[in-house]
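Novice: please work out how this folds:
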Amino acid sequence: MDWRDAVVEAVHRYTVRNRTKVITRQGLISQELPEIVRVTSAGGTTPEQTLSRILQELRDEKLLYFTSRGTYVLLDAPVEVEADDLPEDAIDFAIEAGKLQLGDVKTSDDKRMTRLRRGQERVRELTLKYYRDQCGFCDVSDRRLLVAGHIARWADEPAARGNLSNVMCMCSFHDTLFENGYFALADDYRILKKPDIPSRTIRQILEITQAFRTGTPHPPAAAFLHTHRLRTGFES
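Specialist: Residues are numbered from 1 along each chain as shown. Coordinates of the predicted model:
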């Protein structure tokens, strides 16, 4: 077996054994290096250096993420944010890679709840960053009034909770109106509005809602917009 395949297998054994996606080089050396040397029939005198080189190559392939703490995070499968104490940069990388999962946590589990909230906060921060701290539908830029609103709802699409293409930066007003089906987005981002709205206040908000800003590198995905339109009655 070549070194790359041996290290990949070792990394997977390490994560299963230790029940974590976080890998330390020293931990991998102590727990797995003898087996790596055995299956590769390595006869060199510097197997630790070879292991470090392979880890760097796996990092370049984005199979591993090297964190600011000097550890690695395995990213070949979705990362459950509540399962590990991940550093902020690793959470952000997993979100950008579409690998972060936000689960359901019992409120009595303080540790997992804290991790879940950290993941939610990073989704919010990245969303606001890409929308340049402004609602995608109006000029509200007060961060206290901005939310990372999901297109396909949290309960309906668990796998998409950390997907930036399922999140839009909206002010509290537009988030509530969007959630409750007063308006929707077509696949080409045209705004679709509910007719015959009795509330003058809601009508006024929708009158000034003329366009959606699409400057984000993670624009809303058509599949999520379709799900929202179906749920809110814009499509049958």
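Novice: CA atoms for contacts and neighbours, from now on please.
Specialist: Will do.
Novice: just give me the longest helix of this structure.
Specialist: helix 110-130 (DSSP state H).
Novice: what are the contacting residues of it?
Specialist: Contact partners of helix 110-130, identified using Cα atoms under 8 Å, 6 or more residues apart in numbering, comprise 81-85, 88, 91-92, 95, 102-103, 105-107, 134, 146-148, 162, 164, 167-169, 215-217.
Novice: again with stretch 49-63
Specialist: Here stretch 49-63 has contacts from 3-4, 7, 25, 64-66, 74-76, using Cα under 8 Å, 6+ apart.
Novice: and stretch 221-234, by the same measure?
Specialist: In contact with stretch 221-234 (Cα under 8 Å, 6+ apart) are residues 151-152, 165-166, 180-181, 184-187, 192, 235-236.
Novice: is the spatially most central residue of the chain in a helix, a strand, or coil?
Specialist: For the chain, the residue nearest the mean C-alpha position is I95 (2.8 Å; Cα atoms, centre = their mean). Using DSSP: H, G, I helix; E, B strand; the rest coil, the structure places I95 in helix.
Novice: which residues are in contact with it?
Specialist: 123, 162-164.
Novice: so among these, where is pLDDT lowest?
Specialist: The member of the contacts of I95 with the lowest pLDDT is G162, at 91.
Novice: contacting residues around it?
Specialist: Contacts of G162 by Cα under 8 Å, 6+ apart are 95, 98-102, 120, 123.
Novice: distance of it from P47?
Specialist: According to Cα to Cα, to the nearest Å, G162 and P47 sit 38 Å apart.
Novice: likewise V16?
Specialist: Distance from V16 to P47, by Cα to Cα: 23 Å.
Novice: more neighbours, the two?
Specialist: P47 (17 against 11; other Cα atoms under 10 Å).
Novice: per-residue pLDDT of that one, please?
Specialist: In this model, P47 is scored at 90, pLDDT.
Novice: now A211
Specialist: Model confidence at A211 (pLDDT) stands at 96.
Novice: got the phi and psi for it?
Specialist: phi -150, psi 160 (degrees, to the nearest 10).
Novice: give me the number of residues near T67?
Specialist: Neighbours around T67, by other Cα under 10 Å: 17.
Novice: try the one 5 residues further on
Specialist: When counting by other Cα under 10 Å, one arrives at 22 neighbours for Y72.
Novice: in this protein, what spans have low per-residue confidence?
Specialist: 43-44 (pLDDT under 70).
Novice: quick one, domains of it?
Specialist: The chain breaks down by automatic domain parsing into domains covering 3-75, 133-232.
Novice: just the contacts of I95 now: which is nearest I29?
Specialist: For I29, the closest of the contacts of I95 turns out to be G162, at 32.7 Å, with distances computed as Cα to Cα.
Novice: tell me the secondary structure at that closest one.
Specialist: Once three-state DSSP is applied, G162 turns out coil.
Novice: offset the numbering so it begins at 16, please.
Specialist: That works, and once the first residue is 16, the last one we named lands at G177.
Novice: got phi/psi on it?
Specialist: phi -100, psi 10.
Novice: do Q71 as well
Specialist: Phi and psi for Q71, reported as degrees, to the nearest 10, are phi -60, psi -40.
Novice: could you count how many residues lie near it?
Specialist: If you count neighbours by other Cα under 10 Å, Q71 ends up with 16.
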